[in-house]
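> Below is the sequence, then the predicted model.
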Protein chains: 2
Amino acid sequence: MVPVDRVQENKGGEQRRMVDITRDKPIKVAVRVVVPVRDHPKFNFVGKLLGPKGNSLKRLQEDTMCKMAVLGRGSMKDRHKEEELRASGDPKFQHLSEELHVEISAFATPAEAHARIAYALAEVRRFLVPTNNPVRNTAIGYPEKRPHDTRIQLFGWRVKPIPPRSYVNERCRNGTSKS
Amino acid sequence: MVPVDRVQENKGGEQRRMVDITRDKPIKVAVRVVVPVRDHPKFNFVGKLLGPKGNSLKRLQEDTMCKMAVLGRGSMKDRHKEEELRASGDPKFQHLSEELHVEISAFATPAEAHARIAYALAEVRRFLVPTNNPVRNTAIGYPEKRPHDTRIQLFGWRVKPIPPRSYVNERCRNGTSKS
């Protein structure tokens, strides 16, 4: 018998932990989203993702209740420093040899962790589409600002994530009390 | 540079593929949920999960748009057959040496796949809680039948999955048109 949470290897080389949903034990769910630099080699995705003083990514993390990090080749501002760290062989900087990507992770009960990741994937998508006119971004660089209660249309379903109260209170001044 | 979709090993032995969310390429997301046979050794979870003629699991799969399979030690009705297959060493029956679990998988665009898994985890939970009175189950063995528009309360958020039209039409006769 295999204990819960023991990581296992299956035939496809795929790895799946067993989760315990009756105890609501939190798990970490992580996805890595490739930044489409091949399709748009000239667009400054890192700048769009981070925003002024990193505020866009910071707000995106708060909104989605996920941790996010921009990693991979081209993620550092100082290219010489990046090259140095890549060459260092330190496992901490191993990501610098990979494609530019956003690492998104959620630590919560299994159902909630996957729901957060789903929402984060829908939200981060807007940052991965190059905008012709960067002036359209808001003051803090967050593109296409939407009211917080906009429904995310997923293929078969609509998922309406309602953020925690602290967040809602902060936004209530916009006057959109009804959904 | 690592090509997209190449599976990688990171420091924690954890494995993460890179997903492409700008192209809406479908991915498979799978989780394995342990059945709490240790906590409730006498309860017939497999019977509850499958229901008469497997109808409960069938309906659960339709509702959540996920594939589900009951696997592991004790998942087969014929214990002698199960022992035989376990001893056969066939990789196809390797799961029989593992704990009893439900494998849930979704094949969809990344955001939708995770949303489906989130919903499926919330739904399957009801089947993993032993009921004292199995008579309370409905005719097809589906426990605690709820209107389709019930909101799933996750910790920080509420997620309201609205099933595809085919499903909604089928349920409209209940007369609950408003949420």
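Looks like it came in fine.
> Please count neighbours and contacts with C-alpha atoms only from this point.
OK.
> can you confirm A:V102 is in a helix?
No: A:V102 is assigned strand when assessed by DSSP: H, G, I helix; E, B strand; the rest coil, not a helix.
> Who is it paired with across the strands?
Per DSSP bridges, the residues bridged to A:V102 are A:V33, A:V70.
> so it touches A:V33, yeah?
Yes: look at A:V102 against A:V33 with C-alpha atoms under 8 Å: they come within range, at 5.1 Å.
> Mind checking if the longest helix seen in chain A is in reach of chain B?
For chain A, the helix reaching the highest residue count under DSSP state H is reported as helix A:110-124. Yes: Helix A:110-124 reaches chain B (C-alpha under 8 Å from any C-alpha of the partner chain) through A:P110, A:A111, A:E112, A:A113, A:H114, A:A115, A:I117, A:A118, A:Y119, A:A120, A:L121, A:A122.
> ok, back up a step: out of A:V102 and A:V33, which sits in the busier spot?
For A:V102 versus A:V33, the count of surrounding residues by other C-alpha atoms under 10 Å in any protein chain shown is larger for A:V33: 26 against 22.
> pretty sure the more buried one contacts B:M18?
Yes: applying C-alpha under 8 Å, one finds A:V33 in contact with B:M18, separated by 5.4 Å.
> who touches both of those two?
A:H101 (C-alpha atoms under 8 Å, 6 or more residues apart in numbering or on different chains).
> re earlier: and the residues of helix A:110-124 next to chain B, which two are the farthest apart?
A:P110 and A:A122 (18.7 Å; C-alpha to C-alpha).
> Just want to know which of the two has more residues nearby.
Shown here are A:P110 and A:A122; by other C-alpha under 10 Å, A:P110 has more neighbours (25 against 18).
> For the more buried one, which non-adjacent residue is closest in space?
Distances taken as C-alpha to C-alpha, 6 or more residues apart in numbering or on different chains put A:I27 closest to A:P110, at 5.9 Å, once the chain neighbours are dropped.
> What separation is there between the one you found and A:R86?
Computed as C-alpha to C-alpha, to the nearest Å, the A:I27 to A:R86 distance reads 30 Å.
> Ok, A:D20 next?
From A:D20 to A:R86 the distance is 38 Å (C-alpha to C-alpha).
> and if you look at A:V37?
Taken as C-alpha to C-alpha, the span from A:V37 to A:R86 is 19 Å.
> now do A:H101
16 Å.
> what about those two, which has more around it?
Using other C-alpha under 10 Å as the criterion, A:H101 and A:R86 rank with A:H101 on top: 27 against 20.
> Not counting its neighbours along the chain, what's nearest that one?
A:H101 sits nearest to A:V34 (C-alpha to C-alpha, 6+ apart), 4.4 Å away.
> show me what contacts the one you found?
Residues near A:V34 by C-alpha under 8 Å, 6+ apart: A:E99, A:L100, A:H101, A:V102, B:V4, B:M18, B:V19, B:D20, B:I21.
> Give me the neighbour count for A:K81.
Around A:K81 there are 11 residues (other C-alpha under 10 Å).
> Okay, and it sits in which element?
According to DSSP states H and E, A:K81 maps onto helix A:79-88.
> what does A:A30 give?
Taking DSSP H and E as the criterion, A:A30 maps to strand A:27-34.
> In chain A, what helix or strand scores lowest on average pLDDT?
Each helix and strand of chain A was given a mean pLDDT (mean pLDDT, DSSP states H and E); the minimum falls on strand A:152-153 at a mean of 43.
> Pull the number of nearby residues for A:F93.
Around A:F93 there are 17 residues (other C-alpha under 10 Å).
> what's the distance between the residue nearest to A:D24 when sequence neighbours are not counted and B:L49?
In space, and not counting its chain neighbours, A:D24 is closest to A:T109: 5.3 Å by C-alpha to C-alpha, 6+ apart. Per C-alpha to C-alpha, A:T109 is found 22 Å from B:L49.
> ditto for A:P110
In terms of C-alpha to C-alpha, A:P110 sits 19 Å off from B:L49.
> cool, and A:D39?
46 Å.
> So those two - more neighbours on which side?
Applying other C-alpha under 10 Å to A:D39 and B:L49 shows that B:L49 carries more neighbours, namely 24 against 9.
> I'd say the more buried one and B:R125 touch.
No: the pair B:L49 / B:R125 is not scored as a contact, 10.3 Å apart, by C-alpha under 8 Å.
> How many residues are close by A:K42?
Neighbourhood size, A:K42 [other C-alpha under 10 Å]: 9.
> got a pLDDT number for it?
Looking at A:K42, its pLDDT is 91.
> in a strand, that's where it is, yeah?
No: under three-state DSSP, A:K42 sits outside any strand and is assigned coil.
> Quick check on it: phi, psi?
phi -100, psi -10 (degrees, to the nearest 10).
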